[in-house]
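Asks: Predicted model and sequence follow; I will ask about them next.
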Amino acid sequence: MKKISTTIFALILSATVFAQQNTWPSALGNVSFATDSTWTISREFMFSNMDNIFQIWSDAVQTDKCSRKESFNGGSFEEGFNIDCRSNPDQKGDLFSWRAVFEFKYELCPYPWRVPTRQDFINLDMALGGGGMVFRCDRRWSHIDKYFNNWGGVFGGRSNSKGYLVGQNLRADYWSQEPSFGCSAYTLSFTDTKGHIFPQNCIERCFGASLRCVRDK
């Protein structure tokens, strides 16, 4: 009986830790993954005879603290801070400006999770059978299918500098934590148009894009 009770307590403790891992308070309100789903990415396509897991990706991040209007405060576009909370439950996660992601990266992705780097997206693309190149047009759709089936991606769209949602069911954009030239930052992007994939894309920092956290095994 004591052994059974101990086992039940351990299961409850494990469930509690998992729940805390997926929902946490921050300056952005109650932040969580859109669902409890995660995707494990293997090295099998990157290195022969190495079928071990090396990355675990979360579902998209969402928050209950939203701002529908751009808050430039007299600054430039790259200083724009905006969070668009989803009103459509079929589209996972919320859309963040890059500044919001960068300033709150440790709260949006608490340890051991982290906001992905540009290299994480390159590694992901290689693990899914791509070459990590900046631009690719896979007209056979086989590679985009892997982003959907192996990584759980969706064409969630993005918001522009005015806060308007564009590209739903047509494109996907996911932030990295790395800035690019000018007022841009690196993203992973893929589109419905001819199967374009951009593992090292860059978009304006004031645009709203999705966020997924990553952690090493």
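Replies: That came in fine, so what should we check first? Residues are numbered from 1 along each chain as shown.
Asks: This structure: strands as residue ranges?
Replies: 23-26, 29-33, 38-42, 53-62, 83-84, 95-96, 136-137, 158-159, 165-166, 171-179, 184-191, 196-204, 212-216 (DSSP state E).
Asks: quick one: low-confidence ranges for the chain?
Replies: Within the chain, the ranges that satisfy pLDDT under 70 run 1-21, 44-51, 68-80, 87-90, 137-141, 193-194.
Asks: if we can go back for a sec, for residue 127, which of the strands of the chain is the nearest?
Replies: Each of the strands of the chain has some distance to residue 127 by CB to CB; the shortest is strand 38-42, at 4.9 Å. For the C-beta atoms, the positions are set from N, CA and C on the backbone; glycine is no exception.
Asks: Strand 53-62 and that closest one, what's the angle between them?
Replies: 150 degrees (axes from the mean of the first three to the mean of the last three CA atoms, to 10 degrees).
Asks: buried ones in strand 38-42?
Replies: By neighbour count on 16 or more other CB atoms under 10 Å, the buried set for strand 38-42 is 38, 39, 41, 42.
Asks: follow-up on the earlier one: out of the strands of the chain, which is the most enclosed?
Replies: strand 95-96 (a mean of 26; mean count of other CB atoms under 10 Å).
Asks: which residues touch the closest residue to residue 134 other than its chain neighbours?
Replies: Computed as CB to CB, 6 or more residues apart in numbering, the closest residue to residue 134 that is not its neighbour in sequence is residue 200, at 4.6 Å. Neighbouring residues of residue 200 by CB atoms under 8 Å, 6 or more residues apart in numbering: 118, 121, 122, 132, 133, 134, 186.
Asks: Put together a markdown table for the strands of the chain, with distance to residue 111 on each row.
Replies: Listed next are the strands of the chain as a markdown table, based on distance: least, CB to CB, whole Å:
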| stretch | distance to residue 111 |
| --- | --- |
| strand 23-26 | 11 |
| strand 29-33 | 14 |
| strand 38-42 | 16 |
| strand 53-62 | 13 |
| strand 83-84 | 22 |
| strand 95-96 | 19 |
| strand 136-137 | 33 |
| strand 158-159 | 28 |
| strand 165-166 | 32 |
| strand 171-179 | 14 |
| strand 184-191 | 22 |
| strand 196-204 | 25 |
| strand 212-216 | 9 |
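Asks: what about the helices in this protein?
Replies: Taking DSSP state H to define them, one finds helices in the chain at 2-22, 98-103, 105-108, 118-127, 142-149.
Asks: in the fourth one, what's buried?
Replies: Counting neighbours by 16+ other CB under 10 Å, one finds that the buried residues in helix 118-127 are 118, 120, 121, 122, 123, 124, 125, 126, 127.
Asks: repeat for the third one
Replies: Within helix 105-108, the residues that qualify as buried are 105, 108, counting by 16+ other CB under 10 Å.
Asks: by contact count, what packs against it?
Replies: Contacts defined by 3 or more CB pairs under 8 Å, 6 or more residues apart in numbering; DSSP states H and E place helix 105-108 against strand 23-26.
Asks: Using CSV, write out every CA atom in the strand it packs on.
Replies: In CSV, the C-alpha atoms belonging to strand 23-26 read as follows (Å, rounded to 0.1, in the frame of the first residue of the first chain):
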residue,chain,number,x,y,z
THR,A,23,1.8,27.7,-18.1
TRP,A,24,3.6,30.5,-16.2
PRO,A,25,3.0,34.1,-15.2
SER,A,26,5.1,36.9,-16.7
